[in-house]
Structure formats: C-alpha cells, structure tokens
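Q: I would like to see how this sequence folds:
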Amino acid sequence: VAMTAISIMTLVGFVIWEWTRSDPIVDLHLLKDPTFAVANLLMFMLGFVLLGTTVLLPLYVQSLMGYTPVQAGLMLSPGGIAILFLMPVVGQLVSRLDARWLISAGFLIIGVAMLLMTRFDTETGFQTIMWTRVFQASGMAFLFIPINTVAFSAIDTAKSSNASAIINMSRNVGGSFGISIAVTVLAREAQIHQDRLIGRVTSVSPALRAYVSMVHNHLAEHGHGGLASTHEAMGLLYQTVIKQSTMLAYIDDFRFLGVVSILLIPTVFFLRHQKTRLP
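A: Down below sits the predicted model:
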C-alpha cells in the first residue's frame, strides 16, 4: 500500500512538473490532440496485453505442466518469428488501407486467441499452445506499425522526438500494469477457486470415498497400506485441488485479457481517418 501511494504521488508530481515547464523533457501537451491521446491509450493496452500474456504463458506451462525454461522458451519463440515476418507485410498494408481497420483486426485476433486459451487445461499439448501463441502474436503484428503511424500523423514533424518518447513510455507503463494486474488476478482467482473446490470435497462425497479407496488400494499393492496410505491419498487429493484451482485462475486471466482486447475495438474509431506517415 505504501509503495502504491508513493507511486501515485510521484506520478502526479511528474505530470505537474512536465506540464508546467516551458521546455519539458516529455511534452505532455501533445496529448491534447485526441488522435495522439487515443493512439497512446491503444499502445498502453498493447503493452498491457503483450507483457501480461508473455508472463502468464511461461508460468502456466512451467508450474502446471512441468516444462523446463528452455521448453517454455521454445513454445513462445515462434510467436516472435511470426511478428518478424508479418511486420513488413503490415507496413505495406498501412499505406493502402485505413489504419483503423488494421488496428481493429489486430485487437480482434488477440481477443479471439486469448479466448481460445480459455480452452487450455493441464493436459494441453505443446503444439496447441504454440500455435495459439503464434495466432495471438499475429494480431500484435497488426498493431505496432499502424498505431505508430496514426500517432505520428497527428503531430508536427518538429515534435516527433517528444511524441516518440511519450508513445514508448505508454507501451512500457502499459506492460508494467499488465504484468502486475495479470499476476494479481492469477493469485486472487486461484484462492477463490481453491476455496470453492475444497468446499465441494466432503467426507460424505461418493467421489471422494472412491478416490481415497482407489489410491489406498494402489499404495497397499506396493506395500504402503494402513493409515499412512489414507493420509497420502488425502495429500494427493489436496495437490490435485491446488493444481486445478490454479488452472481455473489461468483461464480467468486469459478470459480477462481477451475481453479487454475485444472491448478496445470501438475505441479505435475515435482516431481520425487521415493519411498517415511514419516518424
């Protein structure tokens, strides 16, 4: 709480200082232009979704599916390759199509990809996760160049350096928020789902009795009978509850990011339709 309060106060102080200087390091007056302001909001949300997802996916595959860091990296890397190959294509499309439609397509693709991730479970295959990530990354490729070109089209060439600083700051701050909120949602939803699942595990549940009996018999066959085997069965059950509650929390996080991405699409049309130029 203390650090949050300090962060808010320093942010307010930064805005006031930069706004009142005659020659500020970051010229926040550029945000008076509606198109530039909306472009920064979209870049903020791009960073939010990009880094939020980039943090969640490795955590998901490593904590729930036993992937090594190398395997997690191999799962993510094709998405980066997809962006690399699509960027030149999008660069050509920007000069031929309304950038607002490209941006809308990008957020729609990301939103659909995130909603597809809500179908993941603890047994989802490597290729399914990888290709879903590639699909999501393809949407991101439709955002970087179009948002930048629309943003700089609203600013005088002489102020391009200040505009570049602001839009990069928006993306970085959005990424920080994305990581923080995604991890916070994950932790809280995991606790909520854990409480719900544990509430359904009662001593009179036929499913619980059948599970404990099955594990007890399996351990007895390997020379681990008696009360210890019952305790071990309950321990395994608790581990399963924790794993499933965490999986449900990841699904909630993916759904949250997907819905946010889709809800951003109407915002795109607050951008002015005009000929755009690169900085």
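
Q: isn't L271 right up against V150?
A: Yes - counting by CB atoms under 8 Å, L271 touches V150, with 5.4 Å between them. C-beta here means a position set from N, CA and C on the backbone, and glycine is covered the same way.

Q: Give the residues shared as contacts by those two.
A: 35, 39, 99-100, 103 (CB atoms under 8 Å, 6 or more residues apart in numbering).

Q: Throw those residues into JSON lines and include pLDDT, secondary structure and neighbour count, thanks.
A: Output for the shared contacts of L271 and V150, formatted as JSON lines (pLDDT from 0 to 100; DSSP: H, G, I helix; E, B strand; the rest coil; neighbours: other CB atoms under 10 Å):
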{"residue": "T35", "pLDDT": "91", "secondary structure": "helix", "neighbour count": "18"}
{"residue": "A39", "pLDDT": "93", "secondary structure": "helix", "neighbour count": "31"}
{"residue": "A99", "pLDDT": "90", "secondary structure": "helix", "neighbour count": "27"}
{"residue": "R100", "pLDDT": "92", "secondary structure": "helix", "neighbour count": "17"}
{"residue": "I103", "pLDDT": "95", "secondary structure": "helix", "neighbour count": "25"}
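
Q: Need the max-distance pair from those residues.
A: T35 and I103 (12.2 Å; CB to CB).

Q: Can you pull the residues that touch both of those two?
A: In contact with both T35 and I103: 150, 271, using CB under 8 Å, 6+ apart.

Q: For burial, what's the neighbour tally of F14?
A: Neighbour count for F14, taken as other CB atoms under 10 Å: 13.

Q: D156 too?
A: Counted with other CB under 10 Å, the neighbours of D156 add up to 10.

Q: buried ones in stretch 175-192?
A: Neighbour-count burial for stretch 175-192 flags 175, 177-179, 181-182, 185-186, 189-190 (criterion: 16 or more other CB atoms under 10 Å).

Q: could you dump the residues you listed to CSV with distance to M65?
A: Shown next, in CSV, are the buried residues of stretch 175-192 (distance: CB to CB, whole Å):
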residue, distance to M65
G175, 25
F177, 27
G178, 23
I179, 21
I181, 24
A182, 18
V185, 20
L186, 16
E189, 19
A190, 16
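
Q: Can you flag which of those belong to helices?
A: Using DSSP state H, the members of those that fall in helices are 175, 177-179, 181-182, 185-186, 189-190.

Q: Need phi/psi at E123.
A: Dihedral pair for E123: phi -120, psi 10, per degrees, to the nearest 10.

Q: now it: how far from T240?
A: According to CB to CB, to the nearest Å, E123 and T240 sit 13 Å apart.

Q: Could you list the domains of this structure?
A: What automatic domain parsing lists as the domains of the chain is 1-32, 34-184+253-268.

Q: starting at the chain centroid, how far to the first one?
A: In other words, domain 1-32. Here the centre of domain 1-32 is set off from its chain's centre by 26 Å, with CA atoms, centre = their mean, to the nearest Å.

Q: List the buried residues of that domain.
A: Here domain 1-32 shows 26-28, 30-31 as buried, counting by 16+ other CB under 10 Å.

Q: can you put those residues in TSV and add pLDDT and distance to A82?
A: Formatted as TSV, those follow (pLDDT from 0 to 100; distance: CB to CB, whole Å):
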residue	pLDDT	distance to A82
V26	79	33
D27	82	35
L28	84	35
L30	88	32
L31	87	32
